[in-house]
Every structure is written in C-alpha cells, then in structure tokens.
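Undergrad: Take a look and give me a structure for this.
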Amino acid sequence: MAGYRRQLYRDDAVVLRVQKLGESDRIITLLTRRHGRIRAVARGVRRTTSRFGARLEPFGHVDLQLAGDPKGNQGSSLHTVSQVEGIDLYGKRFLGDYPRYTAASAIAETAERLTPVEREPSLRLFQLTLGALRALAEGGHATTLVLDAYLLRGMALAGWAPALVACAVCGTPGRHRAFSVPAGGVVCPDCRPPGAAHPAPATVDLMSALSSGDWRTADAAEAAVRRECSGLVAAHLQWHLERALRSLPLVDRGAPASSAGGASRESGAGGASRESGSSE
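TA: Residues are numbered from 1 along each chain as shown. Just a heads-up that it's a prediction; the model follows:
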C-alpha cells in the first residue's frame with residue numbers, strides 16, 4: 001500500500017520455529033502473549049556479526065519490538081523483528097539432551113497447530129506453552145509426563161479434552177474400561193465401538209492426574225502406565241488434528257514393556273490410533 005508506514009509494537013513471545021530465508025535472514029514463528037501466533041522476518045541473524053541471532057532460537061522466551069500491523073489489516077503478513085531481548089532462552093538447556101529437545105519440539109509444533117489463525121490472541125495457550133517449556137528446563141518431572149500434560153491441557157483449551165470420568169457417548173458416570181479415540185474418551189459397555197482400546201485403570205487415572213495437575217499421582221505412575229498413557233494422548237490429539245505431528249514419533253519414551261495394555265497395541269506412543277485411520 002503506497003505511503004503505508006509500518007507500526008512498531010512490543011510483545012513477549014515463545015519462539016516456536018525458525019526457517020532460513022535467503023542467505024542471511026530467517027523467518028521466525030512466534031507465539032506471542034497479546035497477539036497470538038505471528039511470523040516475522042529477522043534480517044541478518046545468520047551472520048556471525050548479528051546482534052541478536054542467538055536470542056531467536058527455538059523454545060526461547062523473548063521480548064521483541066516488531067514492525068508491522070499487529071491486527072493484520074495493512075501491509076505484509078510477515079512482520080519484521082527490529083529489537084529482541086532474551087528473557088529465558090530455554091533452548092540452550094536442551095542442547096545435548098535428546099529427550100527434552102524432542103519433547104520441546106513436540107510442544108512447539110502442537111502450539112503452532114492449535115493456533116491455525118495468525119494474530120488471534122490466545123493468552124491461555126501462550127501461558128501453557130511457556131509453563132511447559134519452563135517445566136522441561138527445570139527437570140522437576142519426567143519429560144514424557146510434562147509433554148502429555150501439555151497435550152491434554154492444550155486439547156482442553158481447544159475443546160477436545162477426552163472424557164475420563166463418564167462415558168463419552170451417553171454420559172454414564174463410572175470407571176469404564178474401554179477407551180475409544182473416535183468416540184472421544186472412555187466408553188461404557190453399551191456404547192463401546194469395535195476396536196476400542198482397553199487401557200489399565202491406572203492409565204486413565206494418570207490421564208486424569210495430568211489434566212488436573214495432580215503431580216504426586218503422575219510422578220508415582222509406573223513406566224508401562226506412562227507409555228500406555230502417551231499412546232492414548234497422542235492418538236486422541238492426532239485424531240482431532242486430522243494429521244500426524246512430525247515430532248511425536250521422535251520423542252524418547254523409553255523401551256516398551258511386554259506387559260503394556262491394549263492401548264499400546266492399538267496406538268503407538270508417537271502415532272495415531274488404528275481407529276483413526278489417519279496418515280501423513
């Protein structure tokens with residue numbers, strides 16, 4: 001637009017992804033506190049003389065000054081980074097730690113997929129994403145538990161929370177033994193569809209604990225229960241996203257146990273349930 005002068009505005013953000021642009025620039029995908037997900041060009045950050053290239057790495061919490069229309073009404077959809085200060089660069093703590101790095105990658109990819117519309121504010125998702133990366137960096141809980149808690153709470157924000165205390169179909173309360181991804185969670189015997197998984201009761205308890213923030217119960221869960229929980233959570237998420245996440249199969253969830261339940265047979269820890277039929 002002729003004569004359009006780009007606005008300058010500030011926000012803090014989590015760096016979700018970086019892409020090369022030309023010889024020295026990058027496109028940075030950011031989840032901001034007040035403006036939702038945006039993409040911005042960082043000029044010259046791949047040069048060794050760049051003043052702030054190291055601050056714009058994935059998983060960092062940064063404070064930025066951006067040039068562009070924050071509402072997206074004028075000019076290019078790509079903003080420009082003019083200033084950046086690091087608040088907490090969590091990515092530096094994940095270098096050399098494969099489990100935490102891949103879990104952080106899955107968190108970042110999920111955050112991007114849960115914000116399909118650019119510049120649509122999503123404060124709760126921003127806070128959830130920032131808190132998950134902080135928890136990974138602090139290492140107070142197992143990496144897979146932090147990731148699965150994030151995925152469950154992210155689905156709840158999107159309106160996709162699995163039913164865990166009542167039948168997903170008819171609403172009958174109780175500890176139902178079957179779990180159906182297409183149905184939306186646990187199902188009673190009358191509503192159980194063919195191919196439904198039969199996870200251990202402790203697995204459903206773990207999913208409930210992660211959803212509610214009951215870390216005492218979550219931290220006490222056995223390895224086989226955690227793996228079965230991860231399989232159900234990943235299958236449920238990817239069913240609603242209607243495509244697989246590239247990063248989930250790379251997450252290190254430990255060696256599989258021969259005693260894992262039916263959910264582990266029907267859905268892999270990083271893949272969608274066989275019921276969903278999704279593929280990429």
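Undergrad: Regarding the chain, what is its longest helix?
TA: helix 223-241 (DSSP state H).
Undergrad: elements contacting that one?
TA: For helix 223-241, the packing partners by 3 or more CB pairs under 8 Å, 6 or more residues apart in numbering; DSSP states H and E come out as helix 143-158, helix 201-212, helix 262-266. The C-beta positions use only the backbone N, C-alpha and C, and glycine is treated the same way.
Undergrad: That helix vs helix 143-158, what angle?
TA: Here helix 223-241 runs at an angle of 30 degrees relative to helix 143-158 (axes from the mean of the first three to the mean of the last three CA atoms, to 10 degrees).
Undergrad: sorry, back to before: between the helices and strands packed on helix 223-241, which one is nearest to L128?
TA: L128 sits nearest to helix 143-158 of all the helices and strands packed on helix 223-241, at 5.7 Å, using CB to CB.
Undergrad: ok, and what's touching that closest one?
TA: Contact with helix 143-158 is made by 99-100, 103, 106-107, 110-111, 114, 122, 124-125, 128-129, 132, 135-136, 161-162, 207, 210-211, 213, 215, 218-219, 221, 226, 229-230, 233-234, 236-237, 240, 251-254, as judged by CB atoms under 8 Å, 6 or more residues apart in numbering.
Undergrad: The same query, at a cut-off of 7 Å, please.
TA: Contact with helix 143-158 is made by 99-100, 103, 106-107, 110, 114, 124-125, 128, 132, 135-136, 161, 207, 210-211, 218, 226, 229-230, 233, 236-237, 240, 251, 253, as judged by CB atoms under 7 Å, 6 or more residues apart in numbering.
Undergrad: in terms of contact, does G184 touch A163 like I think?
TA: Yes. Here G184 lies in contact with A163, judged by CB atoms under 7 Å, at a distance of 5.5 Å.
Undergrad: What does D88 show for phi and psi?
TA: Here is the backbone geometry of D88 (degrees, to the nearest 10): phi -160, psi 110.
Undergrad: who's in contact with it?
TA: Counting by CB under 7 Å, 6+ apart, D88 touches H61.
Undergrad: beta partners for it?
TA: On the basis of DSSP bridges, D88 takes part in beta bridges with H61.
Undergrad: distance of it from Y9?
TA: According to CB to CB, to the nearest Å, D88 and Y9 sit 22 Å apart.
Undergrad: cool, R55 as well?
TA: When R55 is compared with Y9 (using CB to CB), they lie 18 Å apart.
Undergrad: between these two, who's got more neighbours?
TA: R55 (20 against 16; other CB atoms under 10 Å).
Undergrad: Report the strands that pair with the strand or helix carrying V41, each with its relative direction.
TA: Secondary structure assignment for V41, by DSSP states H and E: strand 36-42. Strand pairing for strand 36-42, determined by DSSP bridges: strand 25-32 (antiparallel), strand 78-89 (parallel).
Undergrad: Give me the packing partners of the helix or strand just after the longest one, helices and strands only.
TA: Meaning strand 78-89. Downstream of strand 78-89, the next assigned helix or strand under DSSP H and E is helix 91-94. Counting contacts by 3 or more CB pairs under 7 Å, 6 or more residues apart in numbering; DSSP states H and E, helix 91-94 is packed against helix 98-113.
Undergrad: Identify the residues contacting whichever helix or strand comes after the helix it packs on?
TA: Next along the chain after helix 98-113, taking DSSP H and E as the criterion, comes helix 123-138. Contacts to helix 123-138, defined as CB under 7 Å, 6+ apart, come from residues 14, 31-33, 59, 61, 90, 93, 100, 103-104, 107, 111, 114-115, 141, 143, 146, 150, 153-154, 157.
Undergrad: Just the buried positions in helix 123-138, please.
TA: Going by neighbour count (16 or more other CB atoms under 10 Å), the buried part of helix 123-138 is L125, F126, L128, T129, L130, A132, L133, A135, L136, A137.
Undergrad: All good on my end, thank you.
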